[in-house]
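Undergrad: Based on what follows, work out the 3D shape:
(chains A, B, C and D)
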Amino acid sequence: MTTQTAGPPEAAPRDKVMELDAAIAAHVHDGDTICPEGFGHLIPFAAAHEIIRQGRRGLTLVRMTPDLIADQLIAADCVDRLVASFFASGSAGSLHEVRRRIQHHDPRPLEVEEWTHGQMAARYSAGATGAPFLPVHSGVGSDLFEVNPMLRSVEDPYGGGRVAVVPPIRPDVTILHAQRADRLGNVQLWGITGIQPEAAYAGRRTIVTVEEIVEPEVVRSDPNRTLIPAHAVTAVVPVPRGAHPSYVQGYYQRDNAFYREWEAISKDRSRLLAWLDEWVHGVVDRAAYVQRLGEERWASVRLDPRPAAPVDYGRTPRNGGAA
Amino acid sequence: MTTQTAGPPEAAPRDKVMELDAAIAAHVHDGDTICPEGFGHLIPFAAAHEIIRQGRRGLTLVRMTPDLIADQLIAADCVDRLVASFFASGSAGSLHEVRRRIQHHDPRPLEVEEWTHGQMAARYSAGATGAPFLPVHSGVGSDLFEVNPMLRSVEDPYGGGRVAVVPPIRPDVTILHAQRADRLGNVQLWGITGIQPEAAYAGRRTIVTVEEIVEPEVVRSDPNRTLIPAHAVTAVVPVPRGAHPSYVQGYYQRDNAFYREWEAISKDRSRLLAWLDEWVHGVVDRAAYVQRLGEERWASVRLDPRPAAPVDYGRTPRNGGAA
Amino acid sequence: MSTKVGPEFLATVASRELAGEHRVFAGIGLPTLAVDLAKRTINPDLELIYESGVCGAHPETMAEGIADFTLVSGAESVIGIPALFGAVLGGGYVDVGFLGAAQIDRYGSLNTTVIGDWAKPRVRLPGAGGAADVMANSRRVIVVIRRHDPDAMPAELDFCTSASPVRAREAAEREGFALPQGAGVSTVITPLGVLRRPDRFAELELASVHPGVDPDDVVRATGWPLRVAADLTETTPPTDEDVRLLREEIDTVRLYLR
Amino acid sequence: MSTKVGPEFLATVASRELAGEHRVFAGIGLPTLAVDLAKRTINPDLELIYESGVCGAHPETMAEGIADFTLVSGAESVIGIPALFGAVLGGGYVDVGFLGAAQIDRYGSLNTTVIGDWAKPRVRLPGAGGAADVMANSRRVIVVIRRHDPDAMPAELDFCTSASPVRAREAAEREGFALPQGAGVSTVITPLGVLRRPDRFAELELASVHPGVDPDDVVRATGWPLRVAADLTETTPPTDEDVRLLREEIDTVRLYLR
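TA: Numbers count the residues shown, from 1 in each chain, chains lettered A, B, ... in the order given. The predicted model follows:
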């Protein structure tokens, strides 16, 4: 007899606004499993840089698409183990620090656990919902079973045959970036929303950095836009431009030029470490990074407006309506 | 060796706008399993009344909360079998036609399949995603297993013990109501969105009635609001006020007075049949029903505006942005 | 046994159970009144969650259903039904669930399905709805029941819709099931008194009697040999302000105060 | 063997495979060009689906990634990753998936994981991403590959990331697995020719050679004894208008046309 323990979130106060350094210091510990998620959009670079600055060690890094954020965290020696379903960057090509660690064990090996996107999505959903496992479609006939003992199977009790299943992800800390939140931690995001709601619920603690803290009335005027309710959030941190060089729908574009530069930076380990010295250790916080990037760079990723068509939620008329 | 067959949706033309009578005639057949869903909101009454008018027989009616729409479809003798997780109306109390059929087999028995809300939600999710089953938390230790042979269990392959599981729902037709859609069938809804996206994907055919057909530009200005993409929709039908006596967030309130009247109507079978004669068989279409209800009734459910705060998706500036 | 106390009394006693709690899964009826009163008195930060997917409701008018317009407009979040039952309930985010029942047994198992035989019942009740899911996943469950007699509180349920941890443990031991995370019914508020369970696998016992109620009468009104707590107390009645809020600000149309 | 044709040729041939299809799961690179060209020529109604959750994309500028801003702004729908992999792919809604690979075998199994041993590979490739999910669920898969030699088209894969229906059937027969709904790779477009499978469980065979290519050279460039179709044809090259669209309207910065 065992007990299902999705496990309740750790308690958090009602006003959840914190500074980034304090949030990372309080909630990210050596040896933690962290999920700094965001599928090509809203990648929480500012939070990752703060983790590097604070010198965390022995982390298990879980991300569907590692992206540059993985190359940086791994090069900074924060990470012992990578759990992922893609080992390159869609826009930047190879992640050379990741490849050096895996192909040459240079400077030391990196433990890897490998899934498909659909399997990772199911793992986050299982983690969010307290499901002990979820069935998936992919994997049958592949070699993925051979290199991953946690990819398993069960017999369909409705007679459909054997089915591949995956276990939940329950990270110690989920770290996300989003467009806006209120001080209670109700988070609104749009554009590619990826795996963020499931990752937020799956986290034992969840830190969300946002472009803007807005008044509760803004959030409450459009409750369907709150994809991450406050109860799933431990700390909310205002960090404008906190996703650069990735992007924020409606706020700034991806810095594709930087993504293209990354290949050359990461290919040369000493150059990569110099980059970390200059852009992570060499800035005190995100505001200093934003300033060092300079106005011209920010102008290159600016956007013109493209507003969403209005919607109305309605309000009971003062003089009644339905009896 | 068996084949997983989520089954592709039946092909549909690119412009999916149809009239309601034609959509029901084309897509709802005697003996079909139908899911006219909507959790207390956006209940597709107009479509159900058209099914009654067209005299469908032998349907399996699947709805989490049967609501008055079930009492009406069953009283009109369209339904042989009810699959549900709640057998009353939250606002109207008892559904007396349902109770007569179950308690007294009057005028004849009604076959019933019974689940919990969480189980039904999982069944729709399984149907939408082609999963052969999904694990659920509820049921352990209850008598639900004894009355429902389709509620089963499997052993967690990660050592967590035995887990209750449910099979997919794959209705012949899912029928929904929503605020707006474009002619391609991209459906936008807000307020309580319930099980609608999953039900739309689960349906072999999916009919969506809407308050308004809007230009593609409206939908495409806010793609995150499109909870049901066009590929999951077979036919889209403009039916203003098509959810009365239930409600449409931002358009009109629930007609709570009618819900309260229903108890007395449905308690007396002859009165219920007279009601169907007057309000379903006695009107040619929804426009006639709307007109018969009268301006005073509509005024009683009107709403004042409460607009959502604007959001912006952004557009690449003409003169460049990121290189 | 006739009702000794009115709905104002039951709603107020229920509201006090919400002191210090973060998130409540609220139903319609007396729970609607209880959560509203708690927010206006002892717990203004209480998050109201409804099975329709509304989280952090701030209704401007009293809801007549769990899927009401007034719960949505101005809410902090509205999520889909799979997310509500999956992530919010299954994820262990609900502190307190409010449930009603036609029958409740000594361990807090609930019947909301049928009176009589399932196949052709004497009374067809609403069924599980979200109750069984709330029971399986909430850190505690409070039951408010408008009757206290051996039919409503029998030795054996006609049907077990929502299993107590004791029944779930029996299934776990018998068939190897994982034990659900839900800790079961902690508190039952009846017209005669308040029953509590000392721990997850214990029996309900009479913790307090409402003013003027003889504990022996409560035992006689119960279908199993009800234990009386050693530290039995008298239930603190509503204050005038509680009653005023309920009648003049919350349920002004006397929909649930009946 | 050196490349006989340029990316304009490959993209155009790929685009023609999309005639009459409803929904395509598009990747980045040559598939980006192919789906854009198809929409501008033979299939303006084609729905572009990206694994980032974008359905019905209408990009105003060429995407540099599957999660690009330009794919989202003006799209018909953006859904979550679980819905994209669950409902759209798992639900059987994808007609055509576009995949790349470092290696492909005779039945259309793909390797995108490693060259060499998995634990310490000679080359660490990007891994499964969504490819294995696309393979398991799409009605057909088209592979565009920039090399045609025995390393890229070997007798045995170094690693099977995305299993062909033949490999899936072996697992089904051996271990009782349900057979995935995906029908596997129908078409492989290489720099030398086009390979097709007559049916789901058949071997790929050479269906057409690009202009100037000797079929025997294609057989020699393939790591297994490649069958040549009885009705072998010559691939129809791009028109001037195809090339103009690709160069002057679609990939104006020559990101993928390289």
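Undergrad: Would you mind naming what in chain C lies close to chain A?
TA: Proximity of chain C to chain A is assessed by C-beta under 8 Å from any C-beta of the partner chain, with C:22-23, C:45, C:47, C:54-56, C:58, C:60-61, C:69-70, C:72-79, C:83, C:86-88, C:90-93, C:95, C:137, C:139, C:169, C:172-173, C:176-181 identified as the residues in range. Yep, even glycine has a C-beta here, placed from its N, CA and C like the rest.
Undergrad: Considering only those, which also neighbour chain B?
TA: Restricting the residues of chain C next to chain A to those near chain B by C-beta under 8 Å from any C-beta leaves C:54, C:69, C:72-74, C:78, C:86, C:90, C:137, C:169, C:172, C:176-181.
Undergrad: Narrow those residues to just the buried residues.
TA: The neighbour-count test (16 or more other C-beta atoms under 10 Å in any protein chain shown) applied to these identifies C:54, C:69, C:72-74, C:78, C:86, C:90, C:137, C:169, C:172, C:177-181 as buried.
Undergrad: List just the nearest of the residues you listed to chain B.
TA: residue C:178 (3.6 Å; C-beta to the nearest C-beta).
Undergrad: wouldn't that closest one be in contact with residue B:156 here?
TA: Yes. Using C-beta atoms under 8 Å, residue C:178 and residue B:156 qualify as a contacting pair, with a distance of 6.8 Å.
Undergrad: can you list residues touching both of the two?
TA: Between them, residue C:178 and residue B:156 have A:132, B:162, B:163 as joint contacts when contacts are counted by C-beta atoms under 8 Å, 6 or more residues apart in numbering or on different chains.
Undergrad: Inside strands: which ones of the buried ones among the ones next to chain B among the residues of chain C next to chain A?
TA: Among these, the residues falling in strands (DSSP state E) are C:54, C:78.
Undergrad: Now do the same contact list for the spatially most central residue of chain A.
TA: The central residue of chain A, meaning the one whose C-alpha is nearest the mean C-alpha position (C-alpha atoms, centre = their mean), is residue A:37 at 1.5 Å. If a contact means C-beta under 8 Å, 6+ apart, then residue A:37 has A:44, A:63, A:64, A:174, A:175, A:176, A:194, A:195, A:196, A:199 as its contacts.
Undergrad: returning to that earlier point: among the shared contacts of residue C:178 and residue B:156, which ones are buried?
TA: Of these, these count as buried by 16+ other C-beta under 10 Å: A:132, B:162, B:163.
Undergrad: and of those, the nearest to residue A:313?
TA: Residue A:313 lies nearest to residue A:132 out of these, by C-beta to C-beta, at 37.8 Å.
Undergrad: can you tell me the residue of the stretch 51-200 of chain C closest to chain B?
TA: When distances are taken as C-beta to the nearest C-beta, the stretch 51-200 of chain C approaches chain B most closely through residue C:67, which lies 2.4 Å from it.
Undergrad: show me what contacts that residue?
TA: B:39, B:40, B:41, B:90, B:192, B:194, C:50, C:52.
Undergrad: Please name the nearest non-neighbouring residue to the third one.
TA: In this case it means residue B:41. In space, residue B:41 comes closest to residue B:192 once its chain neighbours are excluded; the distance is 4.1 Å by C-beta to C-beta, 6 or more residues apart in numbering or on different chains.
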